[in-house]
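Engineer: Mind folding the following:
(one chain, ligands or ions: 2)
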Amino acid sequence: MSKKNILITGGAGFIGSHVVRLFVNKYPDYQIINFDKLTYAGNLENLRDIDQKPNYTFVKGDILDEAFVEETFVKYAINSVIHLAAESHVDRSITNPLEFIQTNVIGTANLMNVARKCWGDDFSDKRFYHVSTDEVYGSLGATGYFTEETSYDPRSPYSSSKASSDHLVRAYYHTYGFPMVISNCSNNYGANQFPEKLIPLFINNIKQEKPLPVYGKGDNVRDWLWVNDHADAIDVIFHKGENGETYNIGGNNEWQNIKLIKFLCRIMDEKLGREQGASEKLITYVKDRSGHDQRYAIDASKLKNELGWSPSIKFEQGLENTVEWYLENEDWLNNVTSGDYTKYYNQQYNAR
Ligand code: NAD
Ligand code: TYD
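Structural biologist: Ligands and ions are numbered 1, 2, ... in the order given. The predicted structure follows:
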């Protein structure tokens with residue numbers, strides 16, 4: 001078996017940084033090349049603890065730049081890809097869909113084209129792992145779960161761009177025998193998540209005693225998974241998943257938004273030494289997100305039965321750890337919420 005030289009795209013982002021850390025520490029014989037454009041969501045601070053390790057290299061680059069991607073493939077003799085680079089926030093996709101189509105669809109096709117060019121027809125010991133989302137399956141009513149057989153029904157520009165890329169990755173498998181595997185995961189939470197997504201946004205707002213903008217009635221449901229558990233699942237699927245297969249990853253952990261938010265408020269009151277009920281007073285119902293998906297819920301039994309993965313920690317524990325991380329890492333939070341963040345925040349929330 002050849003030595004693994006893995007290109008991890010989007011490795012400076014939220015999930016990518018946890019995947020990079022896991023692989024760098026767990027597999028000292030692998031070379032890990034973190035390829036990231038460093039958009040607003042990418043932050044090398046996320047990887048300070050491992051960036052001097054001999055099996056880690058950072059390359060600043062855009063997956064849309066085919067020539068530079070090819071140069072990187074050749075320079076580092078890349079034989080595996082774990083592809084996480086993407087535009088990832090639904091609200092931003094509503095404001096600017098084209099950027100999502102560029103990065104998520106064209107960017108994925110570019111990567112696969114370069115891989116095919118560099119790997120030729122010899123796909124032995126090669127792997128292209130495409131990291132995707134459960135949002136491609138659409139919106140559930142009160143019952144049922146997404147399985148790997150559920151038809152795609154994406155309803156936001158973000159989820160449609162991810163669905164398009166999933167289809168392309170599968171098409172390359174059927175057409176060229178391309179050595180791909182896909183996973184579709186539910187909502188992640190944990191350290192280093194950019195505070196545009198629900199949990200870190202609300203932690204930051206509670207800390208600053210700012211309003212908590214709950215979309216619509218707050219009755220939408222999400223299935224939350226600790227980011228480190230997602231990284232573990234990616235490790236398992238990367239090593240044990242079958243070519244051409246899709247694996248759903250989920251936390252078996254559904255929460256209605258408003259219940260989660262009230263729970264988060266209680267944890268924050270306790271950690272900040274505020275009177276219980278203080279943070280809940282910040283809850284403000286605002287105009288709903290356009291096309292807001294009602295419910296996501298993953299059936300992850302294929303992954304459990306075939307590859308033996310299941311989540312490691314309970315949400316209550318994971319959320320408490322996450323709150324502690326944000327409170328202990330004030331500098332990280334202050335850095336990412338300076339500059340352009342204020343502009344984004346005002347555009348997104350002031351008109352609501
Ligand atoms: P993120 O927005 O935190 O990070 C994305 C990273 O990609 C950033 O580091 C950014 O700089 C980089 N990037 C963006 N455009 C690029 C380009 N053109 N070239 C190179 N790098 C580029 O995203 P995340 O939440 O960590 O999500 C990572 C992946 O996991 C995405 O593909 C997303 O669709 C998927 N996913 C996310 C979740 C979730 O809950 N966050 C759930 C399931 C799947
Ligand atoms: P988000 O973290 O954006 O993830 P996704 O939309 O990809 O599931 O949002 C999670 C849920 O929280 C979703 O139902 C939308 C809701 N939400 C709010 O109510 N207010 C907010 O400010 C944000 C960002 C999200």
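Engineer: Distance check, M180 against ligand 1.
Structural biologist: In this view, M180 and ligand 1 are 15 Å apart by CB to the nearest ligand atom, to the nearest Å. From N, CA and C alone the C-beta is placed, and that goes for glycine too.
Engineer: And I15, by the same measure?
Structural biologist: Computed with CB to the nearest ligand atom, the distance linking I15 and ligand 1 is 4 Å.
Engineer: Now do the same for that residue: helix, strand or coil?
Structural biologist: Put simply, I15 is helix when judged by DSSP: H, G, I helix; E, B strand; the rest coil.
Engineer: Get me the contact residues on the stretch 251-352 of the chain for ligand 2.
Structural biologist: Residues of the stretch 251-352 of the chain found near ligand 2 (CB under 6 Å from any ligand atom) are N257, R289.
Engineer: Same question for the chain.
Structural biologist: So far as CB under 6 Å from any ligand atom goes, the chain lies against ligand 2 at V90, N187, K197, L198, L201, P213, V214, Y215, N220, R222, N257, R289.
Engineer: And ligand 1, is stretch 248-268 touching that?
Structural biologist: No: legend: contact between stretch 248-268 and ligand 1 by CB under 6 Å from any ligand atom is lacking; minimum distance shown is 7.9 Å.
Engineer: what comes up buried for that stretch?
Structural biologist: Going by neighbour count (16 or more other CB atoms under 10 Å), the buried part of stretch 248-268 is 248-255, 257-258, 260-261, 264-265, 267-268.
Engineer: just curious, which of those residues is nearest to ligand 2?
Structural biologist: Ranked by distance to ligand 2 (CB to the nearest ligand atom), the buried residues of stretch 248-268 are led by N257 at 4.9 Å.
Engineer: pLDDT value on that closest one, please?
Structural biologist: For N257, the model assigns a pLDDT of 98.
Engineer: on that earlier part again, so which of the buried residues of stretch 248-268 are in helices?
Structural biologist: In helices, defined here by DSSP state H, the members of those are N257, I258, L260, I261, L264, C265, I267, M268.
Engineer: Could you give the number of residues near M112?
Structural biologist: M112 has 23 neighbours, counted by other CB atoms under 10 Å.
Engineer: wait, it sits on R170?
Structural biologist: No: the pair M112 / R170 is not scored as a contact, 11.1 Å apart, by CB atoms under 8 Å.
Engineer: that older thread, turn the residues of the chain next to ligand 2 into JSON lines, including distance to P157.
Structural biologist: Shown next, in JSON lines, are those (distance: CB to CB, whole Å):
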{"residue": "V90", "distance to P157": "8"}
{"residue": "N187", "distance to P157": "18"}
{"residue": "K197", "distance to P157": "17"}
{"residue": "L198", "distance to P157": "19"}
{"residue": "L201", "distance to P157": "20"}
{"residue": "P213", "distance to P157": "21"}
{"residue": "V214", "distance to P157": "22"}
{"residue": "Y215", "distance to P157": "17"}
{"residue": "N220", "distance to P157": "18"}
{"residue": "R222", "distance to P157": "19"}
{"residue": "N257", "distance to P157": "21"}
{"residue": "R289", "distance to P157": "12"}
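Engineer: Does I33 lie in a helix or a strand, and which?
Structural biologist: Per DSSP states H and E, I33 falls inside strand 31-36.
Engineer: Now tell me what touches that strand from outside.
Structural biologist: Contact with strand 31-36 is made by 3-13, 16, 20, 23-24, 42, 47, 55-61, 63, 69, 72, 76, 78, 85, as judged by CB atoms under 8 Å, 6 or more residues apart in numbering.
Engineer: List the neighbouring strands of that strand plus their orientation.
Structural biologist: strand 5-9 (parallel), strand 56-60 (parallel) (DSSP bridges).
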